[in-house]
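Trainee: 3D model of this:
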Amino acid sequence: MENLIVIMLTVVAGIAVIIQGQIMGLITQTLGPLDNLCITYAGGALVVAVVAIARGGHYQAWLSLPWYAFTPGLLGVLIVSTIGYMVPRLGLVTGFTLFVASQFAVGVIFDHYGLLGATVRAVDLPRLIGLGLVMAGLTLLMR
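Mentor: You can find the predicted model right below:
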């Protein structure tokens, strides 16, 4: 039952990414990439701040985190601005397939070496074949 819930949440999040990408593409075309980032991050920051404050937060524990734990926001700026830029130019399917395929390729490396605490899972032939099929699909979509 728990796996079913995780699968359903993952599908809902995947759908949300497509909807978010399309809306962000429209914002970027209308207002530009900086305004898109401002609207996207301001809305998200407001919701997260309200929830974090309501539950009490763990702000003292922040001091124990390594420096790189504070980089996801910067990486998020790159991700969000790229989505807003690529959707109108590549389209949803091509853009997000390229987006996800690059995540798979780098994820295989992170898993193989256990980078940044990833679960170690050696690269084997089935994973390489799967990655190759994803890349072949990407090639077909980009034609």
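Trainee: distance from stretch 27-40 to the middle of the chain?
Mentor: 18 Å (Cα atoms, centre = their mean, to the nearest Å).
Trainee: could you dump it to PDB, C-alpha only?
Mentor: Backbone C-alpha positions of stretch 27-40 (Å, rounded to 0.1, in the frame of the first residue of the first chain) are rendered in PDB as follows:
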ATOM      1  CA  ILE A  27       5.500  33.900 -17.700                       C
ATOM      2  CA  THR A  28       9.000  34.000 -19.300                       C
ATOM      3  CA  GLN A  29       7.600  34.800 -22.700                       C
ATOM      4  CA  THR A  30       5.400  37.600 -21.300                       C
ATOM      5  CA  LEU A  31       7.500  39.100 -18.500                       C
ATOM      6  CA  GLY A  32      11.000  37.700 -19.000                       C
ATOM      7  CA  PRO A  33      13.200  35.100 -17.100                       C
ATOM      8  CA  LEU A  34      13.900  37.300 -14.000                       C
ATOM      9  CA  ASP A  35      10.300  38.100 -13.400                       C
ATOM     10  CA  ASN A  36       9.500  34.400 -13.900                       C
ATOM     11  CA  LEU A  37      12.000  33.500 -11.200                       C
ATOM     12  CA  CYS A  38      10.700  36.200  -8.800                       C
ATOM     13  CA  ILE A  39       7.100  35.000  -9.200                       C
ATOM     14  CA  THR A  40       8.000  31.300  -8.900                       C
END
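Trainee: would you mark the buried spots in that stretch?
Mentor: The neighbour-count check on stretch 27-40 (16 or more other Cβ atoms under 10 Å) flags 27-28, 33, 36-37, 40 as buried. Heads up, the C-betas are built off the backbone N, CA and C, glycines and all.
Trainee: relative to its centre, which residue of this structure is most distant?
Mentor: residue 60 (27.5 Å; Cα atoms, centre = their mean).
Trainee: and what about that residue, helix, strand or coil?
Mentor: Recorded secondary structure, residue 60: helix (DSSP: H, G, I helix; E, B strand; the rest coil).
Trainee: can you count the residues close to residue 63?
Mentor: Counted with other Cβ atoms under 10 Å, residues neighbouring residue 63 total 6.
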